[in-house]
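Sequence first, then the predicted structure:
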Number of protein chains: 2
Amino acid sequence: MNILIVHAHPEPRSLNGALKDLAVRHLTAQGHQVQISDLYAMGWKAVADGGDFPRHDSRERLSYVHASKVAFASDTQLPDIAAEQRKLLWAQAVIFQFPLWWFSMPAILKGWVDRVFAYGFAYGVGTHEGERWGDRYGEGTLAGRRAMLSVTIGGREPHYSDRGVNGALDDILFPIHHGVLFYPGMEVLPPFALFHSDRLHAEQWPSIAESFTARLDGLFTDAPIPFRRQNGGHYDTRQVLKPGLGQGTAGTRLHLLQPGEPEQQLLEVAGPRLKSA
Amino acid sequence: MNILIVHAHPEPRSLNGALKDLAVRHLTAQGHQVQISDLYAMGWKAVADGGDFPRHDSRERLSYVHASKVAFASDTQLPDIAAEQRKLLWAQAVIFQFPLWWFSMPAILKGWVDRVFAYGFAYGVGTHEGERWGDRYGEGTLAGRRAMLSVTIGGREPHYSDRGVNGALDDILFPIHHGVLFYPGMEVLPPFALFHSDRLHAEQWPSIAESFTARLDGLFTDAPIPFRRQNGGHYDTRQVLKPGLGQGTAGTRLHLLQPGEPEQQLLEVAGPRLKSA
């Protein structure tokens, strides 16, 4: 299978670097094809700005969304953006390797999302009619692909437990899992998380490596997070979860399928649908 | 009062630019002192890397956390980082003006957090003993200051409602509100959010401006989000919320004080406490 690793750490000799290297070695040995986007090594441009649209007249007001739409549709995106999109289309699974900084991605990785997830590619995809609100949350350009975060976390595990002071890890990662990855269609696996990462010792590495390779081995078989598909009949025309669904849950967990709930079937559209990929 | 506006939008003629300009005009007219960190205009370095630590030997493995600690403690931080910290210490309130991109901050603003919120300044502050876990979540260097996000959002408001498909806005912003702002001690006001922002028309501006100035007028008087203080006796030594608290809630809302719960009193420490500010 084809696997893309998006890696965001400034130090190759870090734990993140070791996990990335291990993933490459292990997946390659298993017969997979692997590409790496090592954002620091690439000198990735993190800041989304007018420089992303050389054809945009700088005297005109810049709408990044509109300029992104025009550039994607007219095939005039910057080469670095288009190259990352090609890697995503090539991949059947994407692993994101990064340290959790301030409860989110390092800026360089956020800038990868901001710039690569263009209008027409990762959002603004599909048609709107009735209960359908475009192709997103389970549908879209990246449908059929899997994604997994592999994160190192400085804090201790209980701080990220359901009642932990930092908030539950699932809640903290919801904007990424649901909003960045599931949105353009990817199936999202539970994260591989290493806590208290600044205090790990060398003798812990074998067991870490064993846990991580087990997760790599399950990349195409482990059950993804059961997010509700937007167009599966569970959300109304205002895109609000219908009454009776999600009973006994609240917050981000409302958007997980609950046992005993009706299965989701994707609504068909009568008209032609934009195919972006 | 002293107010810092951290602004992150690439186009001065944008809605975000207009809100920032309005804030400067209105707050100044009310007699406040205002400083602006216009990150795009400043060409803010978004990427946290070894370049932030010129004294770090590049042949040595870089731990960003450790290098940040050393640079802060030895007063050898880069001038751009130290300047932003001084603005934060000067400010009695901080307004963050930005578009919500992929359910979080633009990368340039995340990079401001990653770099400015140094070890010893925004984390790694205070002593640990018993139930106290340093000075964070309501205590810390930025205690006594207020913070408010002013965000433009492309999607429609129902999509961000409690049962909306994107997740509730409070859940989406929790990593920023709680994890970035409350963590180093700031009191966080409810956000000022403009939905469906790409479709707003000029004739809506007067009512938008009126709503926004009302929020600016309440910057020092509106009730903040009632996050629990970490060292207020509600979390145990593992930093897990004690049994019986947060009943009837779940997810991120566990960390909000509920009506009828015991008041929080900050635990005192016997030993000397690090004062960073």
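That came in fine, so what should we check first?

Not counting the helix or strand encompassing residue A:21 itself, show me its contacts.
Assessed by DSSP states H and E, residue A:21 sits inside helix A:15-29. Residues from elsewhere that reach helix A:15-29, judged by Cβ atoms under 8 Å, 6 or more residues apart in numbering or on different chains: A:3, A:5, A:7-9, A:11, A:34, A:36, A:38, A:95, A:97-99, A:150, A:152, A:194, A:197, A:200, A:205, A:209, A:212-213, A:216. (Glycine included, C-beta is placed from N, CA and C.)

right, quick check: stretch A:6-13 against chain B, any contact?
Yes - against chain B, stretch A:6-13 shows contacts by Cβ under 8 Å from any Cβ of the partner chain at A:10, A:11, A:13.

List buried residues within these.
Buried subset of the residues of stretch A:6-13 next to chain B (neighbour count, 16 or more other Cβ atoms under 10 Å in any protein chain shown): A:10, A:11.

Which of the residues of stretch A:6-13 next to chain B sits closest to residue B:78?
Closest approach between the residues of stretch A:6-13 next to chain B and residue B:78, by Cβ to Cβ: residue A:10, at 14.7 Å.

sorry, back to before: mind listing what's buried along the next helix or strand after the helix holding residue A:21?
Next helix or strand after helix A:15-29 toward the C-terminus (DSSP H and E): strand A:33-38. Residues A:34, A:36, A:37, A:38 are the ones in strand A:33-38 that count as buried (16+ other Cβ under 10 Å).

Tell me the strands beside strand A:33-38, with direction?
The pairing partners recorded for strand A:33-38 under DSSP bridges are strand A:2-7 (parallel).

Contact partners for residue A:93?
With contacts defined as Cβ under 8 Å, 6+ apart, residue A:93 is in contact with A:1, A:2, A:3, A:4, A:145, A:146, A:147, A:148, A:219, A:220.

which one of those residues has the most neighbours?
Neighbour counts for the contacts of residue A:93 peak at residue A:147, which has 27 neighbours (criterion: other Cβ atoms under 10 Å in any protein chain shown).

tell me which residues form a beta bridge with that residue?
In beta-bridge terms (that is, DSSP bridges), residue A:147 pairs with residue A:94, residue A:188.

close enough to count as contact, residue A:136 and residue A:230?
Yes - if you go by Cβ atoms under 8 Å, residue A:136 and residue A:230 touch, sitting 5.8 Å apart.

More neighbours: which of these two?
Of the pair residue A:136 and residue A:230, residue A:230 is the one with more neighbours under other Cβ under 10 Å, namely 28 against 25.

JSON lines for the buried residues of strand A:33-38, including distance to residue A:129?
As requested, the buried residues of strand A:33-38 are exported to JSON lines (distance: Cβ to Cβ, whole Å):
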{"residue": "A:34", "distance to residue A:129": "40"}
{"residue": "A:36", "distance to residue A:129": "40"}
{"residue": "A:37", "distance to residue A:129": "36"}
{"residue": "A:38", "distance to residue A:129": "42"}
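
and which of the residues you listed is nearest to chain B?
Ranked by distance to chain B (Cβ to the nearest Cβ), these are led by residue A:38 at 12.8 Å.

Return the residues in contact with that closest one.
Counting by Cβ under 8 Å, 6+ apart, residue A:38 makes contact with A:7, A:20.

returning to that earlier point: the helix holding residue A:21 versus strand A:33-38: what angle between them?
For helix A:15-29 against strand A:33-38, the angle by axes from the mean of the first three to the mean of the last three Cα atoms, to 10 degrees is 160 degrees.

picking up where we left off before, using PyMOL, make a named selection holding only the buried ones among the contacts of helix A:15-29.
Here is the PyMOL selection string for the buried members of those, based on 16+ other Cβ under 10 Å:
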select buried, chain A and resi 3+5+7+8+9+11+34+36+38+95+97+98+99+150+152+194+197+212+213+216
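
my read: residue A:224 touches residue A:185, true?
No - Residue A:224 lies out of contact with residue A:185 (Cβ under 8 Å); the separation is 11.8 Å.

Sketch out the low-pLDDT regions of chain A for me.
Along chain A, the parts satisfying pLDDT under 70 run over A:267-277.

what residues are up against the residue nearest in space to the middle of it?
What sits nearest the mean C-alpha location of chain A, by Cα atoms, centre = their mean, is residue A:181, with 2.9 Å. Residue A:181 is in contact with A:147, A:188, counting by Cβ under 8 Å, 6+ apart.

Please state the backbone phi and psi of it?
Per-residue torsions, residue A:181: phi -100, psi -50 (degrees, to the nearest 10).

Quick one: the strands in the stretch 101-250 of chain A, in order.
For the stretch 101-250 of chain A, the strands defined by DSSP state E, counting those that start in this stretch cover A:128-129, A:132-133, A:146-152, A:187-188, A:192-194.

Identify the residue nearest the closest residue to chain B within chain A in space, chain neighbours excluded?
Closest contact between chain A and chain B, by Cβ to the nearest Cβ, is at residue A:251 (2.7 Å). Once flanking residues are discounted, residue A:251 sits nearest to residue B:251: 2.7 Å by Cβ to Cβ, 6 or more residues apart in numbering or on different chains.

Could you check how far the one you found is from residue A:250?
Here the distance between residue B:251 and residue A:250 works out to 6 Å (Cβ to Cβ, to the nearest Å).

neighbour-wise, which of those two wins?
Between residue B:251 and residue A:250, counted using other Cβ under 10 Å, residue B:251 has the larger neighbour count: 23 against 18.

which residues touch the more buried one?
So residue B:251 contacts A:168, A:171, A:250, A:251, A:252, A:253, B:171 (Cβ under 8 Å, 6+ apart).

which two in the residues you listed are spaced the farthest apart?
The span of the contacts of residue B:251, defined through Cβ to Cβ, is set by A:168 and A:250 at 12.2 Å.
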